[in-house]
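please work out how this folds:
(chains A, B, C and D)
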There are 2 protein chains.
Amino acid sequence: MDSDGAVFTKIVLAIFKVSGALNLEGDRMSEEFGLSSARWKIMGAIEKSDVLLTVPEIGRAMGQSRQASQRIVDVMAKDGLVKFIDNPNHKRAKHIALTVEGKRIYDLLDHRQALWATEVATKLTRDELDITYNTIQKMVKYFDK
Amino acid sequence: MDSDGAVFTKIVLAIFKVSGALNLEGDRMSEEFGLSSARWKIMGAIEKSDVLLTVPEIGRAMGQSRQASQRIVDVMAKDGLVKFIDNPNHKRAKHIALTVEGKRIYDLLDHRQALWATEVATKLTRDELDITYNTIQKMVKYFDK
DNA sequence: TCTAGATTGACAATATATTGTCATATCATA
DNA sequence: TATGATATGACAATATATTGTCAATCTAGA
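Numbering: from 1, shown residues only, chains lettered A, B, ... in the order given. A predicted model of the protein is given here:
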């Protein structure tokens, strides 16, 4: 039987693998709208937030560098998917919001993604879903320092 | 309460986040040996296999493209960490093995990683470890098509 | 045996991401 | 209020990764 540490190591390696696979899934699902996993995730961060976010805040919400988020936001702004909104609290750091067209595409994708998630989730039990989410969240918080 | 699909979606987003964090951890742990997460993972694929692997086989074991593996293997060969061994079954596709120096570094890192994994695993129960690994493995297999 | 299909190495183009730097803007506190 | 610390946008360098292509190699089936 594997030690606790050995199982954890196997989890880490499996996470690397599935992360790549999920990125490909997201690329394929969003491709027809001219999107990609990376751009879709940015839109998700914007839409799932209760308040308007700046570029660095989007990066922090996603657990990636502000520069990575900035690059993608700039491309999406050029493509008319997001727009910059003046931030009364900061002269430089504008708020980012979806454009009407961006929101339209996001809603379409979000609907498809929900169906996809429901389908995949049928392969797992409620306990597996809850415990796995809880465990990965613990990992996120543990390394978020 | 979230639907099964909604929980699955949260798992996916958490996986993206923790994957980035784990890559940074691996980069930091291996940095002093001139390595990175990407190179370390290649070494792991080589060492964890029972048989000698070719570059495309390393890629498939890691769930990434053969080109990505090829690039890193070539760099590591130049750095003296891995070497190419003639493959009697294929004129072009050579087998990849760690050099003595590569093995020395890998063993050092592997030991440190085991300690690290044991430490992090103390934050989780045995059930959490087992169920999470099992669930992510199911996801890996589901998307491995 | 022969041949069509798959695999491989090499090369290129492109997307995604971290890290580092600098000037500017904001914030906290003495 | 003044100032040192922190955050931000812009820019650059570099690492990591997918995708596509082509010729060489291998494999399986007729």
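
starting at the chain centroid, how far to the longest helix seen in chain A?
Criterion DSSP state H: the longest helix present in chain A is helix A:4-31. With CA atoms, centre = their mean, to the nearest Å as the basis, helix A:4-31 stands 14 Å off its chain's centre.

any bit of that helix sitting next to DNA strand D?
Yes - using CB under 7 Å from any atom of the strand, we find that helix A:4-31 touches DNA strand D at A:20, A:23-24, A:27. The C-beta positions use only the backbone N, C-alpha and C, and glycine is treated the same way.

show me what from chain A comes close to DNA strand D.
Residues of chain A lying near DNA strand D (CB under 7 Å from any atom of the strand): A:20, A:23-24, A:27, A:54-57, A:66-67, A:70, A:74, A:90, A:92-94.

how does it look with 6 Å?
A:20, A:24, A:27, A:54-56, A:66-67, A:70, A:92-94 (CB under 6 Å from any atom of the strand).

now the buried members of the residues you listed.
A:20, A:54-55, A:66, A:70, A:94 (16 or more other CB atoms under 10 Å in any protein chain shown).

returning to what we had before: so can I have CSV of the residues of chain A next to DNA strand D showing distance to residue A:44 and pLDDT?
CSV is the format used below for these (distance: CB to CB, whole Å; pLDDT from 0 to 100):
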residue, distance to residue A:44, pLDDT
A:20, 19, 97
A:24, 17, 96
A:27, 14, 97
A:54, 16, 98
A:55, 15, 98
A:56, 17, 98
A:66, 17, 98
A:67, 19, 98
A:70, 17, 98
A:92, 25, 92
A:93, 20, 94
A:94, 19, 97
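
okay, these in CSV with distance to chain B next?
Shown next, in CSV, are those (distance: CB to the nearest CB, whole Å):
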residue, distance to chain B
A:20, 5
A:24, 8
A:27, 12
A:54, 19
A:55, 17
A:56, 16
A:66, 13
A:67, 13
A:70, 16
A:92, 26
A:93, 22
A:94, 24
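
among those residues, which are in strands?
A:54, A:92-94 (DSSP state E).

redo those as JSON lines? Include distance to DNA strand C.
Shown next, in JSON lines, are these (distance: CB to the nearest atom of the strand, whole Å):
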{"residue": "A:54", "distance to DNA strand C": "11"}
{"residue": "A:92", "distance to DNA strand C": "4"}
{"residue": "A:93", "distance to DNA strand C": "7"}
{"residue": "A:94", "distance to DNA strand C": "11"}
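
moving C-terminal of the longest helix of chain A, what's the next helix or strand?
Sequence order places helix A:37-48 as the next helix or strand after helix A:4-31, per DSSP states H and E.

run through who's touching that next one.
Defining contact as CB atoms under 8 Å, 6 or more residues apart in numbering or on different chains, one finds that helix A:37-48 is touched by A:22-27, A:29-30, A:35, A:53, A:58, A:61-62, A:69, A:72-73, A:75-76, A:81-82, A:96-98, A:102-103, A:106, A:109-110, B:13, B:16.

now check it, is it near DNA strand C?
Yes - applying CB under 6 Å from any atom of the strand, one finds helix A:37-48 in contact with DNA strand C at A:38-39.

quick one, that helix and helix A:4-31 angle?
Interaxial angle, helix A:37-48 versus helix A:4-31 (axes from the mean of the first three to the mean of the last three CA atoms, to 10 degrees): 90 degrees.
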